[in-house]
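Q: how does the following fold in three dimensions:
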Amino acid sequence: MSRLLKFNIFRYNPADEVSEPHMEEFVLEETDSMTLFIALNRIREEQDPSLQFDFCCRAGICGSCGMVINGRPGLACHTKTKDLSGEITLLPLPVYKLVGDLSVDTGSWFREMYTKTESWIHTTKTFDPTAIEERMDNKQAVDIYELERCVECGCCVAACGTARMREDFIGAAALNRVARFLIDPRDQRTENDYYEIIGNDMGIFGCMGLLACEDVCPKHLPLQNQLGFLRRKMGITSLKKIFKK
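A: Just a heads-up that it's a prediction; the model follows:
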């Protein structure tokens, strides 16, 4: 006989005036290759259709199903129940605005982050749609692609001690994004330009170096390397500013 799994799931609907935050228990029989995504869909279809959580791709590509799984941020579609104990506690990701139950609004946070980091190629060149694309060194292209694999699930920010304490901290996702443009040869911003964005306590110097961000990243991005890279770059830029005075 398969295991009976007990789910303790956070329930709260901010749009309902009579709703109060509480944990609700559900029991479900485990099946082969069951993921939390499958389990939550079965709970919603078979036991409580009002249960709120986000999903889209089921393959760890969209980042929608991020939640706190037994105290650790992760993706429901990536997490198999066989790897967990028989009692599973699910909570919404912290830092982000709660929509309801396990659903949070990561979209607004990421849109604001893109504005803060000016997340686009800055160039003075005029776009010519008839021109042949500029070639890029293969290693540079691979390095950029590596950082572009972020699926914006928000797990890194939810696991970040600084982000939990300070709303103005831009988090590992934003710093990774800045690193992606800093190494892009098409972007004409200077290191001083980047310093204005992340050379402060809200940016790279606010990072405590706990590295929970890399620990929970479902795509295994090299966040530790990027944080170190940016800290060195911005530290040198800061010293240059001091000795110029």
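Q: just give me the longest helix of the chain.
A: As assigned by DSSP state H, the longest helix anywhere in the chain is helix 223-244.
Q: name the residues that touch it?
A: 147, 156, 172, 175-176, 178-179, 182, 191-192, 194-195, 198-199, 203-205, 207, 209, 211, 213-214, 217 (CB atoms under 8 Å, 6 or more residues apart in numbering). Just so you know, the C-beta spots here come from the backbone N, C-alpha and C atoms, and that holds for glycine as well.
Q: what's the domain layout of this structure?
A: Segmentation of the chain into domains, based on automatic domain parsing, reads 4-103, 118-244.
Q: for PyMOL, write a command that selects the buried ones of the contacts of helix 223-244.
A: Burial among the contacts of helix 223-244 is assessed by 16 or more other CB atoms under 10 Å; the matching PyMOL selection reads:
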select buried, resi 147+156+172+175+176+178+179+182+194+195+198+199+203+204+207+211+213+214+217
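Q: among the contacts of helix 223-244, which lie within helices?
A: 147, 156, 172, 175-176, 178-179, 182, 191-192, 194-195, 198, 213-214.
Q: and those, which is closest to residue 139?
A: The nearest member of these to residue 139, counting by CB to CB, is residue 147 at 13.3 Å.
Q: can you pull the contacts of that closest one?
A: Per CB under 8 Å, 6+ apart, neighbours of residue 147: 176-177, 179-180, 183, 221, 226.
Q: what's the answer for residue 181, then?
A: Residue 181 is in contact with 117, 119, 121-122, 187, 189, counting by CB under 8 Å, 6+ apart.
Q: same question for residue 6.
A: Residues near residue 6 by CB under 8 Å, 6+ apart: 25-27, 86-88.
Q: geometric centre of this protein: which residue is closest?
A: residue 154 (2.4 Å; CA atoms, centre = their mean).
Q: hang on, that one packs against residue 96?
A: Yes. Counting by CB atoms under 8 Å, residue 154 touches residue 96, with 6.1 Å between them.
Q: overlap in contacts, these two.
A: Shared contacts of residue 154 and residue 96, defined by CB under 8 Å, 6+ apart, comprise 104, 106, 109.
Q: could you measure from the second one over to residue 57?
A: In other words, residue 106. Separation of residue 106 from residue 57 (CB to CB, to the nearest Å): 15 Å.
Q: over to residue 167?
A: Distance from residue 167 to residue 57, by CB to CB: 29 Å.
Q: same deal with residue 198?
A: Taking CB to CB, one finds residue 198 at 30 Å from residue 57.
Q: one more: residue 213?
A: Taking CB to CB, one finds residue 213 at 22 Å from residue 57.
Q: cool, residue 115 as well?
A: With CB to CB as the criterion, residue 115 and residue 57 are 26 Å apart.
Q: between these two, who's got more neighbours?
A: residue 57 (13 against 9; other CB atoms under 10 Å).
Q: would you mind checking the average pLDDT for stretch 25-42?
A: Stretch 25-42 shows a mean pLDDT of 96.
Q: gap between the two ends of that stretch?
A: 14 Å (CA to CA, to the nearest Å).
Q: before we move on, what about stretch 45-55?
A: OK, stretch 45-55 end separation, CA to CA: 14 Å.
Q: contact partners of that stretch?
A: Identification of contacts with stretch 45-55 by CB under 8 Å, 6+ apart yields 9, 11, 13, 24, 26, 28, 37, 40-41, 43-44, 62, 64-67, 76-77, 99-104.
Q: next one: that stretch to chain centre, how far?
A: 23 Å (CA atoms, centre = their mean, to the nearest Å).
Q: again with stretch 140-148
A: On CA atoms, centre = their mean, the centre of stretch 140-148 falls 18 Å from that of its chain.
Q: run a quick neighbour tally on the nearest residue to residue 102 once chain neighbours are set aside.
A: If the residues on either side of it in the chain are set aside, residue 102 comes closest to residue 53, at 4.0 Å by CB to CB, 6 or more residues apart in numbering. Neighbourhood size, residue 53 [other CB under 10 Å]: 24.
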